[in-house]
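S.K.: Structure for the following, please:
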Amino acid sequence: MSITSNPVSHCGSQRQTMIEFSTMFSPKKFKKPLNVKAPTDKSLKVPDDTSTNILRDWARHLRDKYKDERYGDDDIFQDPLLLIEWDDVGIMQRNLNNPQNDKSTLVNLIRAQPGCSQFPEDGVPSDCAFAFDKRQNMANALAILATNAWSKHINGVNDVGRVYSILIPKTGKLDVVEEIYVFNL
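M.R.: Below is the predicted model:
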């Protein structure tokens, strides 16, 4: 399942290429942007520069934040990142029925959740990357998004977007999980 054929908003820019996943019913395929070997499947798309930079900045931030603490090389930091790749066509299709159904409604809903902090810390906050202080707070935010009826999957209508939870280990590969139950079920 791919949404590369639709215009997709990546933190304010319009791009055609994006992170591409298979669904939960087939193996996950993802080219991770940090110190990871690329998959051999030529059909995979490389994450756009904005998504790659967000992930790289978040990993750098956490590794600097916890450099003096005793984390093992395989330990995962407690601060997860929620990354959303919006499908502007899907949002616009829902907006026709109710003008209040827009991306800013969902962004504000996420930002209002306990434990959500501005990312990046300096400058304009991202509309697609949301930092949390604990995994439980991010899980609660995902549950709130999943109960939002207008952003759920509708047959014949593009999905609102794709949601990924990202956990950063001290070293090595990122732990990236597509949270398909939020917008795509």
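
S.K.: quick one, strands of the protein?
M.R.: 8-10, 13-15, 81-87, 116-117, 129-132, 161-167, 175-178 (DSSP state E).

S.K.: Dump those strands to a markdown table, plus distance to Asn95, mean neighbour count and mean pLDDT.
M.R.: Glycine gets a C-beta too; all of them are placed from N, C-alpha and C. What follows is the strands of the chain, written out as a markdown table (distance: least, C-beta to C-beta, whole Å; neighbours: other C-beta atoms under 10 Å; pLDDT from 0 to 100):
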| stretch | distance to Asn95 | mean neighbour count | mean pLDDT |
| --- | --- | --- | --- |
| strand 8-10 | 13 | 23 | 47 |
| strand 13-15 | 17 | 12 | 37 |
| strand 81-87 | 12 | 24 | 91 |
| strand 116-117 | 24 | 16 | 91 |
| strand 129-132 | 21 | 23 | 92 |
| strand 161-167 | 14 | 22 | 90 |
| strand 175-178 | 24 | 16 | 86 |
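
S.K.: looking at it, Ser126 is touching Leu55, isn't it?
M.R.: No: with contacts counted by C-beta atoms under 8 Å, Ser126 stays clear of Leu55, the gap being 11.7 Å.

S.K.: one step back: present the strands of the chain as JSON lines; the columns should include distance to Met138.
M.R.: Converted to JSON lines, the strands of the chain look like this (distance: least, C-beta to C-beta, whole Å):
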{"stretch": "strand 8-10", "distance to Met138": "20"}
{"stretch": "strand 13-15", "distance to Met138": "25"}
{"stretch": "strand 81-87", "distance to Met138": "6"}
{"stretch": "strand 116-117", "distance to Met138": "8"}
{"stretch": "strand 129-132", "distance to Met138": "4"}
{"stretch": "strand 161-167", "distance to Met138": "6"}
{"stretch": "strand 175-178", "distance to Met138": "11"}
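
S.K.: and His61, which of those strands is closest to it?
M.R.: strand 129-132 (8.4 Å; C-beta to C-beta).

S.K.: Walk me through which strands that closest one pairs with, and which way each runs.
M.R.: Counting by DSSP bridges, the strands paired with strand 129-132 are strand 81-87 (antiparallel), strand 116-117 (antiparallel).

S.K.: and of the ones you listed, who's closest to Phe183?
M.R.: strand 81-87 (8.4 Å).

S.K.: give me the number of residues near Asp68?
M.R.: Neighbourhood size, Asp68 [other C-beta atoms under 10 Å]: 7.
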